[in-house]
Every structure is written in structure tokens, then in C-alpha cells.
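# sharing a model prediction with you, sequence too.
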Amino acid sequence: HSNNQIQRSRSVSPLKNGVERNALLNAITCQQLYDSMQAQSVLVMDCRPSSDYGESKLNYSLSFNVPAEIIREGMSAGKLQDKLDQESKKLWSARAIKDQVVLMDWNSSAAELKENSPIRILLDILQWWDPDVVYRSPIRILEGGYEFFVMGYPTRCINPMVVKPQLSSTFMESSVLIEDIEYPSVNDIQLKDDIIAKNQSNSSLIIHKTSSSGRPTVDRSSKSAAMKLYDGKRKTINEIAKEQEVLLEKAKENDEQLEQIAEQFNSVDHKKQLINGETEMMYQFMQLESEAEDYKNEIKRLKAEIHHYRRRDEEEKANLPIQLVKDVEQIEAKIEERERVDEQRKKERQQLAEKFAIANKNKCLTRNNNSKAHFEENDLEENKENLKLTIPTTKLNPPQFDRSIKPKHSSPVDTEERIRNFSPVPGKVGRGLTGLKNLGNTCYMNSIIQCLSNTPSLAEYCITDKYKNYVSRNNKTRGEIVDEVAAIIKMLWTGGYKYVASRDLKYIIGQYQKMFRGYEQQDSHEFLTILMDWLHSDLQTLTLDPLREPKTASDKAWLDFTKAKESLILHLFYGQIKSIVKCAECENESATYECFSNLSLELPENDSTCDLEECLDMYFSGERIHGWNCPKCEHKRDALHVTTKHAIKKLNIAKLPPVLVIHLKRFYADTDSPCPSYKKKLNYLRFPLQNLDMSPYITVSERKRSTPTLYRLYAVSNHYGFMESGHYTAFCKNDALNHWYKFDDHMVTPLDSSKVISSAAYILFYTRLSPLQAIN
């Protein structure tokens, strides 16, 4: 059909309930809504921003908030439902059984719904993208919105004295929200499918520069040129030989350590479960096994390089010097011998891993069962005692208030120090080099705390007590989370203890999140994400300028997310993603914004070796999307038919955070398993320790601000083993000592920077470099 035909057919096309499109724009007056509310026959969807809804709303049990900030073009009703809170979801499902559904914002009129306003988009979602619901009557718009209703029926409103914001949060004119067009043409967007194909074609190693034909450029004009090529090869072969010798020696040492662990464990094989020493043995086994896999991958890489030389020499029909041929053959022979050894020991290691997993599972079950009462009674009482505030013995006089004087600034409330039980083990170590005791599968927590402790700005904030000036005591966690995190970071930086226990932190966290109470293994990424939210909430007291109008949609979205209050956590760790949808037919580009505290990147499916850059390219590449309606040319874009008439979704970073946290999605659901279970991707990921460049992934606006885009790695949270039985460690660079260290629960040891990159890497912590640092 032509555009005109489609427009005509849609304008008169009846909905599934037999009501024409223009009939759905019927208005309902405030009096009619009031009468329907009295009869409990109407469901009201209030699509004002959540902050406005929180200040004032209908005093009516069948009214709920569909926040303006979550309503986006192209969403289905199901997708919108997923973004609602639990209480709102219950009322959302009532739209199919209520006689009437009414939409309202601050002041909209059914006859003049503004294009791209949240209420108009919500109406379109319910009208066109809610296929499972047949509405009993036309969806209606409250004439004059909540502003009219609160004036006419204040008794049916909570906080009727509310004043409508001067700048309507519901809709902002495009002239106010200055947007940058990211891609002039849809052809400028690189698609994910193209990147996958490109990575596959580049899988073969390229060692020397090639000509435009793809073949190595060889100067055959003289014998000296040929000999120069051979000399270059000999040097490269010698380098490979040296690298191979080092790798094989390390792999051999690794084998010997694994054999020792196997002998020790098999000597106590009659035991049904692990005791403490054997648990550490299991953790060591997991790490050695992971290192063995890394050595295997590196040896495989060397083998591929040798094959590359072989293939190139055959193509060039070159006569290699005899010694060079012998060197190549010798390297190949050693690599093949190593591969045979790996294959022989593979089964033995798998059997040992299974024994460890079973014994560890039995230990966890026994501990959880036997210590449940102890945890609930003994430990609870102990922790309650530890968490008591020190109470002054002197009698306090009632406070006197002079209400004629209003202070200019409110000073922070000084809270008494809790008596905490760190169970410290004395020992002279460097500052920041204190370990954390494993309290029973708490390695996931220890790993993250050590990474945060080595975040310089955050550590200083805690050690100097600066954070106390900004603690909020009126939120859900009442500032208790940041108090405990700060207390443990202070202990880690005294330099006077080998290791300490974070019992109080674990206890407090367990009070606010049940999953962290027991002794089961948890996911360090999930813990980090929850902890970041808690810390931000505990410190969210820095008020932004309320008179500052947002100049762009990005600024407005950021203001909506922060609710005009920031924190050090927000300032350090949070960034903003811009999601662009571009129509391939009319080139119309629309955008939404979402804040993030970490990026979760997919890894290749086949456990292959890959680079972080490849994963970032995949994450920020374009994707064809299905079932999106272009608001400009009104064509339904179908990604299933790859023609010019489709839409593409693309992500970019609108705000780069000073600290960039990257999560590698190693775990995925095993769809072949009869019961719910997860598998782990064991990809060896190469990532830069210095100068990670994020400039290819930022928006035009961020580029205009000249935001520094280079980052250096300062911490890694590692995971060894599998989902059910695994172990976490941390590799952190001590900023004061300028050296890498391995944090394995209570054990802290120096780490060579060459060992930081491994297949165990799970969460990467990067800090932004200043322009001066980037030059160096």
C-alpha cells in the first residue's frame, strides 16, 4: 500500500471492540469522573511523573501511576507493564474488567493531545499494542487533567494544596529540549550482524602488515630483501619460542600444584563434606584449574601463529633456512606434546571438580541446617549487642528552641559510633592490604568490598569521614549501609591488621535483603548493583539547583532520575545511555534515556578468545527492531523483512561516569536442562590495563563537551568454578603503592600485572584518566 492508503485504512479501521479510533478520544469531565469513582466503576491511569504523583494524587483505590518517565514510543502494553511496580501491576490487570478506563495528566484535553506527550503515547499503546485486552468502553481522557479535578473535588485528593509545576513535567516543547541527531542516515549505523560477520572473518591471526590483496607484501627484487624477510621471521620465531618456553614452564608448575591438591584431597576422600582447610583447598583448585585453561588458550594462540607462518611460506614457495624450519618444528612438537598432556589430565580434573562440588554442597546444606538456630538466636544476639549505640551516662537536659531564629544551614547530625566486632588479626601490612575473613561463602561480598576499597575517591570519602556530612537518615536503609561500608574500608586502610571480619556489614545487609542473610553463594554482580543503589540512597542529600531548567532531553531524564538530589556514588559510578530508534524510510530519529551504574556485556557463544573492544562494539551496535510504529511517516516497521523499510535501534553513552564498571555476562540459562540451571561462559577476554578508549561509543553532545574518554583498569572481581559452587577473588591496584595485589578472602599477595587478564574476570573497574594522564 501507499502511505495515503495506509493512513486512510487506519483512520477508519475499527478496533477489536468495535469502537473507531476517533471515538477513543472521547473526553470525560471532572464531574463524570467523580460520579464513576463513587460507583467504583472506573480505573484511572495517572501518567504524570512519579515525583508529581508522590506529592499529590487521587484518594481513590482504583487509581495508580503510570510514570511519564517510563512511557516510551514503540512500547507494547506488556513491556510497559514490566516497568510498573508490583501494586500498580495488580491495578493494571483490572483494565480488562472495569467499565471505564480513564487517562489523565496535569492538564491535557482530549481534543488537543500534544504529539509525543506521555498521555498520547499511553493512549496509542493501549489502543494499538494491547492485543490481549478487549476494553468494555472507549478509553477516555480527563478534560483539564488533575489540575481541574483537584480544584473541583479537593476532598477526593491527597494533598490538594499542590501547585502544578511551572515547567510541565508531562510534556516539554521540542524547542526547549535541544536534541542532537546522532546519525544523519540509517546507513551510518553499523549493525550487530555485520560486526559478528566481521569478527568471524578476522579470526585468523594477522601478524605482519598485508597489501590490499590481503597477501603479505614481499620485496623480491633482491636476495638481500629475501634474507631480510627471513631474518625478520627468525626474530619473530625466536620470540615465539621464548614465550612458549615460559608458558610451558608455568603450565608445568600449575600441573604439579594441581596434583598436590588432588593427592591431599583424595587422602580424605572418605569424608562426606569439606572442613575449613579443605574448603580453601577447593578454592585453590578452582583458581589453578582456571589458570590451566588460560595457559591452554595461550598455547593455542602460539600454535595458530606458527600455522600462519607455515601457510604464508607455502603460498610464497619460499625456501626457508634449515635452522628456521627446525625451530618451527621444535615449537610445534612441544605444543602438540602439551596438548596431549592436557587431554590426558582433563578427565582427572573433571572428576576432582565433581568431588569438590558434592562435598561443598553437603557442607553448605549441613551448615545451613545446623546453624539456622545459631544464626537466628546466638548470632542475632551477638550482632544486636555489637550494634548497640554507646549511651552517655550523664543526664540530658531537654533541648531549648528559639523559634525566632532560623538557621541558615542545617548541620549534619553526628551519630554515635557503633561497637563493632571486626575480630582483627594483628600484623604489619601496607595500607589497603588487609584481607577479609570468609564468614561462609561470603567471598562474593569480600571481592566487591576490596574493589570499592581501592576506588580512591570513595576510599578517601570514607576514611576521612567526609561522607558523614551527607548521610540521609530518612530513607529505607537510614544510612546504615554507608556507615558499615565506611567502617570496614577504614579498617582495611589502617595497615595494622592481616585480616578482619565484616560481620556487622553482613548482618546489616541481611536485614535489608534476605538473600544475603545465610551462607549460600551469591552473585557478586547482583550484590554490587544492590549495594550501589543503597549507597546512593544513603548519600543522596546533595540538592541540585531547582531553578536550573534542563536544556536537553538528556538533562531532563537525568533530573527525573536523581529527583534533583545527587550523591558521591551517583557522581562517581552512574552514567547515562541514549537509546536511539531511527526509521529507515523517513530518517526520523527518536530517543530515550536511561541511567546505569554498570554495563553488562555479552560474550561470544563458543567460549572463544575475544577482546573487550569486540564486546563493546556488539553492545553499542545497531539492531533491527520488529513492530515499531514510526510517529512521523506512520509505517509499521517490520525487521523480519530486511528491506529499506525497517527501523534500527542503537545505543550510545550520553554521560560517561568517572568510574566505569563493566560486567561480563558469563552466566546463562541452560535451556537443555530438565531443571532450572545455569552454565558459564569461559571465554578468555583480553582487556586493556591502560587507555581503554570509549570515544567510539559516546553521543555527539558528550563529544562536544570534550569529556575525557580514556580509562585505566584498577580492579577486577574474578569468579572461578561454576554457578552452584564457585569462588570469588579480587585483583586490585593499590593507588598508594602503585602495584597490583590479589585479594583472596583473608590472603593478600602481590600480583604481577601480566596475570591480571584471565578467563576468571567477571567485573572490570575502570577509572577515567585526566587529559594529562592520558598523554602519559
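Received, thanks. Note that this is a predicted model, so its numbers are computed, not measured.

# partners of the lengthiest strand in the chain, with directions?
The longest strand of the chain (DSSP state E) is strand 710-721. Strand 710-721 has the following strand partners under DSSP bridges: strand 692-693 (antiparallel), strand 726-734 (antiparallel), strand 761-768 (antiparallel).

# CA atoms only for the last one - export them in CSV, please.
Yep, that's strand 761-768 we're talking about. Taking C-alpha atoms only, strand 761-768 is exported to CSV below (Å, rounded to 0.1, in the frame of the first residue of the first chain):
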residue,chain,number,x,y,z
ALA,A,761,37.5,-11.9,35.0
TYR,A,762,33.8,-11.1,35.8
ILE,A,763,33.6,-7.4,36.7
LEU,A,764,36.0,-4.8,35.5
PHE,A,765,36.5,-1.4,37.3
TYR,A,766,38.0,1.4,35.2
THR,A,767,38.7,4.9,36.3
ARG,A,768,38.8,7.9,33.9
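
# so what touches it?
448, 451, 454-456, 524-525, 528, 598, 612, 656-664, 666, 685, 687, 692, 708, 710-719, 728 (CB atoms under 8 Å, 6 or more residues apart in numbering). (C-beta placed from N, C-alpha, C; glycine too.)

# touching, residue 500 and residue 488? I think so.
Yes. Counting by CB atoms under 8 Å, residue 500 touches residue 488, with 7.3 Å between them.

# could you pull up phi and psi at residue 581?
phi -120, psi 120 (degrees, to the nearest 10).

# contacting residues around it?
73-74, 589-591, 625, 628, 647-650.

# do that again at 10 Å, thanks
72-74, 588-592, 625, 628, 630-631, 637, 647-650 (CB atoms under 10 Å, 6 or more residues apart in numbering).

# same question for residue 108.
If a contact means CB under 10 Å, 6+ apart, then residue 108 has 27, 47, 114, 117-120, 123, 141-147, 168, 170-171 as its contacts.

# PyMOL command for the buried members of those?
Selecting only the buried entries of those in PyMOL, with 16 or more other CB atoms under 10 Å as the criterion:
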select buried, resi 47+117+118+119+120+123+141+142+143+144+145+146+147+168+170+171
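
# domain assignment for the protein?
Using automatic domain parsing, the domain parsing of the chain gives 3-158, 225-370.

# can you tell me the average pLDDT over the shortest one?
When you say that, I think you mean domain 225-370. Averaged over domain 225-370, pLDDT sits at 63.

# same thing with the longest one?
Predicted confidence along domain 3-158 averages 81 (mean pLDDT).

# could you do stretch 514-533 as well?
Across stretch 514-533, pLDDT averages out at 90.

# mind listing what's buried along that stretch?
Applying 16+ other CB under 10 Å to stretch 514-533 flags 516, 518-519, 521-525, 527-532 as buried.

# buried ones among the contacts of residue 581?
Neighbour-count burial (16+ other CB under 10 Å) applied to the contacts of residue 581 gives 72-74, 589-592, 625, 628, 630-631, 637, 647-650.

# out of residue 500 and residue 488, which sits in the busier spot?
residue 488 (27 against 21; other CB atoms under 10 Å).

# so who does that one touch?
By CB under 10 Å, 6+ apart, residue 488 lies in contact with 420, 422, 434, 436, 445-446, 449, 452-453, 462, 500-506.

# who wins for proximity to residue 749 among the strands paired with strand 710-721?
Taking CB to CB, strand 726-734 is the member of the strands paired with strand 710-721 nearest to residue 749, at 10.4 Å.

# quick check: angle from whatever helix or strand comes next after the closest one to strand 726-734?
Sequence-wise, the next helix or strand downstream of strand 726-734 (DSSP states H and E) is strand 739-744. Orientation of strand 739-744 against strand 726-734 (axes from the mean of the first three to the mean of the last three CA atoms, to 10 degrees) gives an angle of 160 degrees.

# mean confidence for whichever helix or strand comes after strand 739-744?
Proceeding N to C from strand 739-744, the next assigned helix or strand is strand 747-750, under DSSP H and E. Throughout strand 747-750, pLDDT has a mean value of 95.

# tell me what strand 747-750 is packed against?
Packed against strand 747-750, as judged by 3 or more CB pairs under 10 Å, 6 or more residues apart in numbering; DSSP states H and E, are the following elements: helix 276-316, strand 435-436, strand 497-500, strand 726-734, strand 739-744.

# let's go with 8 Å and repeat that
Under the contact definition 3 or more CB pairs under 8 Å, 6 or more residues apart in numbering; DSSP states H and E, strand 747-750 sits against strand 739-744.

# re the thing from before, could you dump the buried residues of stretch 514-533 into a markdown table and include secondary structure?
Listed next are the buried residues of stretch 514-533 as a markdown table, based on DSSP: H, G, I helix; E, B strand; the rest coil:
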| residue | secondary structure |
| --- | --- |
| 516 | helix |
| 518 | coil |
| 519 | coil |
| 521 | coil |
| 522 | coil |
| 523 | coil |
| 524 | helix |
| 525 | helix |
| 527 | helix |
| 528 | helix |
| 529 | helix |
| 530 | helix |
| 531 | helix |
| 532 | helix |
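
# in JSON lines, list these along with distance to residue 493.
Listed next are the buried residues of stretch 514-533 as JSON lines, based on distance: CB to CB, whole Å:
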{"residue": "516", "distance to residue 493": "24"}
{"residue": "518", "distance to residue 493": "29"}
{"residue": "519", "distance to residue 493": "28"}
{"residue": "521", "distance to residue 493": "28"}
{"residue": "522", "distance to residue 493": "25"}
{"residue": "523", "distance to residue 493": "27"}
{"residue": "524", "distance to residue 493": "21"}
{"residue": "525", "distance to residue 493": "25"}
{"residue": "527", "distance to residue 493": "21"}
{"residue": "528", "distance to residue 493": "20"}
{"residue": "529", "distance to residue 493": "25"}
{"residue": "530", "distance to residue 493": "24"}
{"residue": "531", "distance to residue 493": "19"}
{"residue": "532", "distance to residue 493": "21"}
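
# and those residues, which two are furthest apart?
519 and 532 (23.7 Å).

# if we ignore the residues flanking it in sequence, what's nearest residue 720?
Closest residue to residue 720 apart from its sequence neighbours, by CB to CB, 6 or more residues apart in numbering: residue 286 at 3.7 Å.

# give the other helices and strands that the strand or helix carrying residue 461 contacts.
Here residue 461 sits within helix 456-463, counting by DSSP H and E. Under the contact criterion of 3+ CB pairs under 8 Å, 6+ apart, helix 456-463 touches helix 443-453, helix 480-492, helix 568-573.

# report the buried residues of it.
458-459, 461-463.

# residue 615 and residue 686 touch, don't they?
No. Using CB under 8 Å, residue 615 is not in contact with residue 686; the gap is 10.4 Å.

# which one of the two is surrounded by more residues?
Shown here are residue 615 and residue 686; by other CB under 10 Å, residue 615 has more neighbours (21 against 13).

# distance of the more buried one from residue 573?
Distance of residue 615 to residue 573, given as CB to CB, to the nearest Å: 20 Å.

# and residue 474, which of the three is it?
When classified by three-state DSSP, residue 474 comes out as coil.

# on that earlier part again, what do residue 500 and residue 488 both touch?
Both residue 500 and residue 488 are in contact with 422, 436, where contact means CB under 8 Å, 6+ apart.
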